[in-house]
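**Q** heads up, no residue letters with this:
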């Protein structure tokens, strides 16, 4: 069995096959699993990348029938049953699980690719953190010629956008206020732009309103029914003609399926998702399963299964069952997505939780539930313990431990360049 | 008071002035303090950069008379008493503490600047970690055409070199052995090259021999009395004509003073260190103190004070005393470096410790002492707690949690480029 993608779906599929009499190879272009629901905390300096990522190879230390390799998959030869890697090598398979996930969708808005930040990887999150801190450093040094250095725009009012906007507001008003005593942080703006007329559109309406009020109390400007029309290096232009001067746009407005789907040459839906049968198999290729954000799976009522982590995890479990059933020449079970509810955190003591059947939790109770669930879901004791330490520290001190600008230093000063050839040591 | 540099010396000077009736500005090109003694653990995936770095601004949240700014210092106008920043701004001072530290010294060996890794910053350490992991990934994918992918050379047998070599050996034989079951890690080589005829030349001779035997038991090849003559992208050429095929050279062979000394236009010693008087003041400029690795401070017997962290910390305390004495029109005290001993860790259960007076500790006892001291010295409860969690995890499981390759993914495959314009999301 070859599993493409070490996200929630791919990992669950591989681990669910631990006792099956077959060999599992998980292939991913990154060498680690990324716990995407907490990436926004890396972007807002609350956690470090290591706290939300886990080396994929380590996940399979104790699973004798599985191994992980790092390689970029560029296509699938369905007839010869082989996955094609970027370096030309091929991985033969008897069963294939495609779990390549989703990528940021720019919906064709000009400038998003060039100027906006996505939030799909640890590198994305660190880029946002570094950029935000840089804006404050530049502002303090008086480099805010045309304004906008301290304006931070988030596009998309789903859970990721709400969490990003809340995280920005807390970082600025609790931490950077003390880091930069020379700056009046009340001049900083956090703007959340959502095309629909409410936040958290997939939640109950009252939860969206709750999130909106809470964000506004935290100082976030919430713009509903507003679309981003164009992005430049210095501004975000809204559909109503308003221009917001800013150097920072985080694009959390949507995802689409990974382009690997295009390389299959089979039917895709509008979002680039691969059309699958009721067992998540590729039509005509029962040995190929497509799961998670890459798959256009359907519920019994014909609606699409949402592109969320719990759906990918359930699909991963299901994929393992289909493969085991096939080995036993049993019929493939039908995939049934069970909604376990949704949650989004807004900030300190504030989260919204919606359970199946319409039960909702908000405020402190919701927040505690959110904390516990995410801690339990994080892979690995070490990550969990580190996250607990960091959260306790952040909570008790209103501090954020990870606000480092690592990497590029300021440019070497011209007057030192002659002598300063190894000013920063070799290769740094 | 302006303090240039947020290393051990600069921070201690600023904190020692907390109760003085003056304003302290700490300026550094990085926005964080780097706990350099533990950088080798970041390079070998045992700790994350956040565990050994601390945002400088946060250090002064509770010190009302101090602030930190991030800027690159390019010179000092001694006559007008102003520090010149890279952007042309100036910081006026009444007292100046120069604590810019040291940079890697290549001793003129060709190729070191282009091909070797230094270990002076978090970015350096992450570069080493990423590079080492990449070599194993490439080797597994069969890209070891001319050999050398799994050969790791460390130049310099001081504490940093010994710790790096031991860290590489442990990472490879305990962790990567399980991460890469397809690779026979016994084919990996770790080579430690030292120009003198023993390791840890500043320690008692028996400790150097102890470290040597221990490293050899861990599988490290120790080459004594051997100098690196030239470095290329594929090899390290030794002075005796031997060529070692390798893509990885960590240069821990020495430091020299930061080139800021050159910008002062005053007397420097052979290592670029600024010559100071017995109170660490710049001759002719009693309002300027030079401390730490940048200063050529001398002991009572005329020998140079070593370029180590404890000496910088003591000099920082001393600088604060000189400034306070000057405010009271009292004579400046003389700086007396007190040797508190030295320690270097080699690996699990193994460290060498030398206390003043010749007492030595080795093995398990030395290792426990090393752990405790470094934990106590780390700034900040959060860092300490995280380090404790990571160390406990590493110790109990023989695992390393931070072996992530973050940042550049593998190149986008040509066949996906047409469609894959935002394959990795915007800006990533």
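**A** Arrived safely, thanks for sending. Please read all numbers here as calculations on a predicted model, not as lab measurements.
**Q** how close does residue A:266 sit to chain B?
**A** 15 Å (C-beta to the nearest C-beta, to the nearest Å). All C-beta spots, glycine's among them, are computed from the backbone N, C-alpha and C.
**Q** again, but for residue A:157
**A** For residue A:157, the distance to chain B - C-beta to the nearest C-beta - is 18 Å.
**Q** swap in residue A:104?
**A** 4 Å.
**Q** would you mind naming the residues that bridge with that residue?
**A** Judged by DSSP bridges, the bridge partners of residue A:104 are residue A:255.
**Q** and residue A:249, by the same measure?
**A** residue A:153.
**Q** strands of the stretch 101-250 of chain A, start to end?
**A** A:102-104, A:151-155, A:189-193, A:220-223, A:228-231, A:235-238, A:243-245, A:248-251 (DSSP state E, counting those that start in this stretch).
**Q** report how many residues lie close to residue A:75.
**A** A count of nearby residues for residue A:75, using other C-beta atoms under 10 Å in any protein chain shown, gives 19.
**Q** name whatever forms a beta bridge with it.
**A** Bridge pairing for residue A:75 - DSSP bridges - gives residue A:84.
**Q** again, but for residue A:343
**A** Going by DSSP bridges, residue A:343 forms beta bridges with residue A:353.
**Q** contact partners for it?
**A** A:159, A:351-354, A:366, A:369-370, A:373 (C-beta atoms under 8 Å, 6 or more residues apart in numbering or on different chains).
**Q** just give the nearest non-adjacent residue to residue A:308, would you?
**A** residue A:342 (7.2 Å; C-beta to C-beta, 6 or more residues apart in numbering or on different chains).
**Q** local confidence estimate at the closest residue to chain B within the stretch 151-300 of chain A?
**A** As assessed by C-beta to the nearest C-beta, chain B sits closest to residue A:179 within the stretch 151-300 of chain A, at 3.9 Å. Here, the pLDDT recorded for residue A:179 equals 92.
**Q** so where does the nearest residue to it once chain neighbours are set aside fall, helix or strand?
**A** In space, and not counting its chain neighbours, residue A:179 is closest to residue B:57: 3.9 Å by C-beta to C-beta, 6+ apart. Taking DSSP states H and E as the criterion, residue B:57 maps to helix B:56-59.
**Q** against which helices or strands is that helix packed?
**A** For helix B:56-59, the packing partners by 3 or more C-beta pairs under 8 Å, 6 or more residues apart in numbering or on different chains; DSSP states H and E come out as helix A:177-179, helix B:8-16, strand B:32-34, strand B:66-70.
**Q** and of these, who's closest to residue B:286?
**A** Taking C-beta to C-beta, helix B:8-16 is the member of those nearest to residue B:286, at 15.9 Å.
**Q** so what strands line up beside the next helix or strand after that closest one?
**A** Sequence-wise, the next helix or strand downstream of helix B:8-16 (DSSP H and E) is strand B:24-28. Using DSSP bridges, strand B:24-28 pairs in its sheet with strand B:2-4 (parallel), strand B:66-70 (parallel).
**Q** and for strand B:24-28, what's in contact with it?
**A** B:1-6, B:10-11, B:14, B:17, B:56, B:60, B:63, B:65-71, B:73, B:83, B:85, B:91.
**Q** what's the most buried one of the strands paired with strand B:24-28?
**A** Neighbour counts (mean count of other C-beta atoms under 10 Å in any protein chain shown) averaged over each of the strands paired with strand B:24-28 peak at strand B:2-4, with a mean of 27.
**Q** excluding its backbone neighbours, what's nearest residue A:70?
**A** Closest to residue A:70 by C-beta to C-beta, 6+ apart is residue A:31, at 4.7 Å.
**Q** and if you look at residue A:49?
**A** residue A:122 (4.0 Å).
**Q** surely the one you found meets residue A:39?
**A** Yes. The pair residue A:122 and residue A:39 passes the contact test of C-beta atoms under 8 Å, sitting 7.1 Å apart.
**Q** shared neighbours, those two?
**A** residue A:52.
**Q** what's the spacing between the spatially closest residue to residue A:34 that is not a sequence neighbour and residue A:376?
**A** Distances taken as C-beta to C-beta, 6+ apart place residue A:53 nearest to residue A:34, at 5.4 Å, with adjacent residues excluded. Distance, residue A:53 to residue A:376, by C-beta to C-beta, to the nearest Å: 18 Å.
**Q** neighbour count winner among those two?
**A** Comparing residue A:53 with residue A:376 by other C-beta under 10 Å, the one with more neighbours is residue A:53, at 28 against 8.
**Q** for the closest residue to chain B within the stretch 51-200 of chain A, grab the count of nearby residues.
**A** Ranked by C-beta to the nearest C-beta, the top residue of the stretch 51-200 of chain A for proximity to chain B is residue A:118, at 2.8 Å. Counted with other C-beta under 10 Å, the neighbours of residue A:118 add up to 27.
**Q** as a check, name the ranges of all helices in the stretch 101-250 of chain A.
**A** A:112-115, A:122-140, A:159-170, A:177-179, A:205-217 (DSSP state H, counting those that start in this stretch).
**Q** for residue A:266, which three-state class applies?
**A** For residue A:266, the assignment made with DSSP: H, G, I helix; E, B strand; the rest coil gives coil.
**Q** pretty sure it contacts residue A:274?
**A** Yes. At 6.4 Å, residue A:266 counts as touching residue A:274 under the criterion of C-beta under 8 Å.
**Q** who touches both of the two?
**A** In contact with both residue A:266 and residue A:274: residue A:282, using C-beta under 8 Å, 6+ apart.
**Q** with distance to residue B:361 as new columns, can the helices and strands packed on helix B:56-59 be given to me in TSV?
**A** Formatted as TSV, the helices and strands packed on helix B:56-59 follow (distance: least, C-beta to C-beta, whole Å):
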stretch	distance to residue B:361
helix A:177-179	41
helix B:8-16	23
strand B:32-34	27
strand B:66-70	37
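**Q** between these, which gets nearest to residue A:144?
**A** That would be, of the helices and strands packed on helix B:56-59 and by C-beta to C-beta, strand B:66-70, which comes in at 15.7 Å.
**Q** from the chain's centre, how far out is that closest one? Work that out for me.
**A** 22 Å (C-alpha atoms, centre = their mean, to the nearest Å).
**Q** what comes into contact with it?
**A** Counting by C-beta under 8 Å, 6+ apart, A:137, A:140-141, A:181-182, A:405, A:410, B:6, B:14-15, B:17-18, B:23-31, B:56-57, B:59-60 sit against strand B:66-70.
**Q** of those residues, select the buried ones using a ChimeraX command.
**A** The ChimeraX selection below is limited to those of the contacts of strand B:66-70 classed as buried (16 or more other C-beta atoms under 10 Å in any protein chain shown):
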select /A:137,140,405,410 /B:6,14,15,17,24,25,26,27,28,29,30,31,56,57,59,60
